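Participant: Any chance you can model this:
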Amino acid sequence: MVQKEPPIRRLLEKVRHLVNKFRRSSVATERLLQKCALVLIKDCPTRWSSCFAMISRCLEVKEHLTAVAESMGWDSLQPSEWQKIGMLRDLLLPFAEHTKSLESDTQSLSLVVPALLDLKNHLSEFLLDHGRTYKDAATLAQKMLSSMDRRFSAFLDITADNFSPLPAAACFVDPCVAETLLENDDNEVQNLVRKAEDYIAHLVPQRLQVQEQQLTDDEQVANEGTEAPGATAAKRRRFKFFSASRPSKPKTAKTSNIRQEILKYKEGLSKFHHTAATSAEVEESGIEYWLTQCCSTSFPTLKPLALDLLAMPASQAFTERVFSVTGYLSCGRRNRAKAILERSAFLKVNKPK
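Facilitator: Numbering: from 1, shown residues only. Below you'll find the predicted structure:
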């Protein structure tokens, strides 16, 4: 998207040309290292936020970069161009931060919707603040906003044909972000909250049917030994006698008060945030909240649903990264490595930064 805007593309090509000069020259790189102990970063089309990393590093070493370029007899950027690069960095900064956060394996699906809403608000504010000072960046921000509305309509637009309430439901059962959505007056956010509640309420009958089927199977196993001699023998289950001696599970009520549990959960959010604000301990995640709180009696139906929804990762980036690491470790050039693949992949992925 950034490369498709002609003025922005020409500016980035000039920055990229200067960065390539430094990376090809050992003398210029050594001089820059002596001044600031940093080197320039080259962007890569297949690496996330690489364009932001390139311009951010250039702005970080701006004075030293200009001095070294002058000593080498190279043309540097004009003051107006440096200013435009600074605005472009401000435009891309929230995208880089959210990408860095959501690509981790520790982030839940509940953070996707707040991240998208935050990025949309950022683009809208950028249009208001820089719409007159830097029209090229404002045009880019407008196109990015339109692209987000089109690409993520499945998560944010309840009228879209491919809309899925799953991310909104995961966000609703996460107490760390749910109260923020509930207190938001925007109609789009409130519609998402209502859709999330309806989705959770419709999930309950399906779970009850599965539980009732499991209870029926247990009863059949327990009654297998009491059948009449002339009756047709049922299929013998594995561990038949062990299964028959198990204590039977309590039957689940057929009617569920999921709406009452949702209302009680919403009422308890303000107390949770007040406790988290006054406590000196580290803020707990949504899964930790449902595991540590005594929710089994207060939310017998909502708790297992919440744990299932919050267990979903925000992205598949970490999984794909593990596949790439294992593919490299098992290639032909490393087929004589003594360490097993699992151990090597663990050390590669968890090495200190």
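Participant: List the buried residues in the helix or strand containing Val177.
Facilitator: Assigning secondary structure by DSSP states H and E places Val177 in helix 175-182. Going by neighbour count (16 or more other Cβ atoms under 10 Å), the buried part of helix 175-182 is Pro175, Cys176, Val177, Ala178, Leu181. Every C-beta, even on glycine, is put in place using the N, C-alpha and C of the backbone.
Participant: Kindly format the C-alpha coordinates of that helix as PDB.
Facilitator: Written as PDB, here are the backbone C-alpha positions of helix 175-182 (Å, rounded to 0.1, in the frame of the first residue of the first chain):
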ATOM      1  CA  PRO A 175     -12.100  -8.600  30.900                       C
ATOM      2  CA  CYS A 176      -8.900  -6.700  29.900                       C
ATOM      3  CA  VAL A 177     -10.600  -5.100  26.900                       C
ATOM      4  CA  ALA A 178     -14.300  -5.800  27.300                       C
ATOM      5  CA  GLU A 179     -15.100  -2.800  29.500                       C
ATOM      6  CA  THR A 180     -13.400  -0.500  27.000                       C
ATOM      7  CA  LEU A 181     -15.800  -1.700  24.300                       C
ATOM      8  CA  LEU A 182     -18.800  -1.500  26.500                       C
END
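Participant: Which neighbouring elements make contact with it?
Facilitator: Secondary-structure packing of helix 175-182 (3 or more Cβ pairs under 8 Å, 6 or more residues apart in numbering; DSSP states H and E): helix 112-130, helix 166-172, helix 187-223, helix 258-278, helix 286-292.
Participant: What residues of the second one count as buried?
Facilitator: It stands for helix 166-172. Pro167, Ala168, Ala169, Ala170, Cys171, Phe172.
Participant: Same list as before, the residues you listed that is, but in CSV and with distance to Thr133 and pLDDT included.
Facilitator: Listed next are the buried residues of helix 166-172 as CSV, based on distance: Cβ to Cβ, whole Å; pLDDT from 0 to 100:
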residue, distance to Thr133, pLDDT
Pro167, 35, 93
Ala168, 36, 93
Ala169, 41, 93
Ala170, 39, 93
Cys171, 35, 92
Phe172, 39, 92
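Participant: Closest one of the residues you listed to Leu109?
Facilitator: Using Cβ to Cβ, Ala170 comes nearest to Leu109 of the buried residues of helix 166-172, at 4.3 Å.
Participant: give me every residue that touches the nearest residue to Gly86 once chain neighbours are set aside.
Facilitator: In space, Gly86 comes closest to Leu59 once its chain neighbours are excluded; the distance is 6.1 Å by Cβ to Cβ, 6 or more residues apart in numbering. Counting by Cβ atoms under 8 Å, 6 or more residues apart in numbering, Leu59 touches Trp82, Ile85, Gly86, Arg89.
Participant: hmm, which of these are the buried ones?
Facilitator: Those of these that meet the buried threshold are Ile85, Arg89, by 16+ other Cβ under 10 Å.
Participant: Take the contacts of Leu59 and keep only those in strands.
Facilitator: Among the contacts of Leu59, no residue falls in strands (DSSP state E).
Participant: can you put the contacts of Leu59 in TSV and add pLDDT and distance to Leu291?
Facilitator: TSV is the format used below for the contacts of Leu59 (pLDDT from 0 to 100; distance: Cβ to Cβ, whole Å):
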residue	pLDDT	distance to Leu291
Trp82	95	50
Ile85	94	46
Gly86	93	44
Arg89	95	40
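Participant: Now render the contacts of Leu59 as CSV, adding distance to Asp198.
Facilitator: CSV is the format used below for the contacts of Leu59 (distance: Cβ to Cβ, whole Å):
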residue, distance to Asp198
Trp82, 51
Ile85, 46
Gly86, 45
Arg89, 41
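Participant: Just give the nearest non-adjacent residue to Gln142, would you?
Facilitator: Leaving aside its chain neighbours, Gln142 sits nearest to Leu127 (6.2 Å; criterion: Cβ to Cβ, 6+ apart).
Participant: Give me the pLDDT for the one you found.
Facilitator: Leu127 is assigned a predicted lDDT (pLDDT) of 91.
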